[in-house]
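K.L.:
Sequence plus the predicted model coming up.
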Amino acid sequence: MNIVLQFTAEEEAKALPILLRHSPGTVLANRTYVVEHSAAAALQDAGIKFRKMIPHLNMTLAEEDPIGERI
């Protein structure tokens, strides 16, 4: 499972060594990264602070439609 994270400049500097070792993630603009759950857990274990970003869905979902499942 992938997670979108955003760092401050200071926290990003501390996170980079862990990210480079841990996950083949994607780097986006504004210190935003898409990483695997295990990488986010390693960052938390190291005491690095980050903000989890929640992507906005451009469609409405019925209550019975599970997120992440093919429709």
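P.N.:
Good, I have the coordinates.
K.L.:
which residues touch the residue nearest to Met53 when sequence neighbours are not counted?
P.N.:
Distances taken as C-beta to C-beta, 6 or more residues apart in numbering put Val4 closest to Met53, at 4.0 Å, once the chain neighbours are dropped. Where C-beta positions appear, they are placed from N, C-alpha and C, glycine not excepted. Shown in contact with Val4 (C-beta atoms under 8 Å, 6 or more residues apart in numbering): 28, 32-34, 52-55.
K.L.:
Return the member of these nearest to Leu16.
P.N.:
Tyr33 (9.6 Å; C-beta to C-beta).
K.L.:
just the helices in the chain please.
P.N.:
Using DSSP state H, the helices of the chain run over 9-22, 37-45.
K.L.:
Let me have those helices in TSV, extended by mean pLDDT and mean neighbour count.
P.N.:
Listed next are the helices of the chain as TSV, based on pLDDT from 0 to 100; neighbours: other C-beta atoms under 10 Å:
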stretch	mean pLDDT	mean neighbour count
helix 9-22	93	14
helix 37-45	93	16
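K.L.:
was I right about Arg51 contacting Gln6?
P.N.:
Yes: with contact defined as C-beta atoms under 8 Å, Arg51 counts as touching Gln6 (4.8 Å).
K.L.:
Check what contacts stretch 30-45 and list those residues.
P.N.:
So stretch 30-45 is contacted by 1-9, 12, 15, 18-19, 22-28, 50, 52-53 (C-beta under 8 Å, 6+ apart).
K.L.:
Which ones among these map onto strands?
P.N.:
Judged by DSSP state E, strands contain the following of those: 2-6, 26-28, 52-53.
K.L.:
Filter those down to just the buried residues.
P.N.:
Burial by neighbour count, judged by 16 or more other C-beta atoms under 10 Å, picks out 3-5 from those.
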